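1. only geometry, no sequence info:
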């Protein structure tokens, strides 16, 4: 493994972490604007993106604990996104 390859994967891992942490800032911003706790759709998309990037990094690092944690999280994010999209479709067809 070259130093350049290691550096690229380090940037990938850090980018994934920035996206993953950024979802909390996004949720905080939306909640502050609405003066109540809100989890916007963007939170789930950021969760998926950050989780997928971090999973790729975990696979590169061959870290089974990190891999299982990120893969499990991705399932939860996908399911929550599925619930939200179904809810939107139902609200759209009821109106």
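-> Thanks, I have it. Please read these numbers as outputs of a predicted model, since none were measured by experiment.

2. Sketch out the low-pLDDT regions of the chain for me.
-> 1, 94-95 (pLDDT under 70).

3. and the stretch of helix or strand residue 66 belongs to, what does it pack onto?
-> Using DSSP states H and E, residue 66 falls within helix 64-94. In terms of contacts (3 or more CB pairs under 8 Å, 6 or more residues apart in numbering; DSSP states H and E), helix 64-94 is packed against helix 41-61. Glycine gets a C-beta too; all of them are placed from N, C-alpha and C.

4. Helix 64-94 and the helix it packs on, what's the angle between them?
-> 160 degrees (axes from the mean of the first three to the mean of the last three CA atoms, to 10 degrees).

5. In helix 41-61, which residues are buried?
-> 43-44, 46-55, 57-58, 60 (16 or more other CB atoms under 10 Å).

6. Check stretch 26-38 too.
-> So, applying 16+ other CB under 10 Å, buried residues of stretch 26-38: 26-27, 30.
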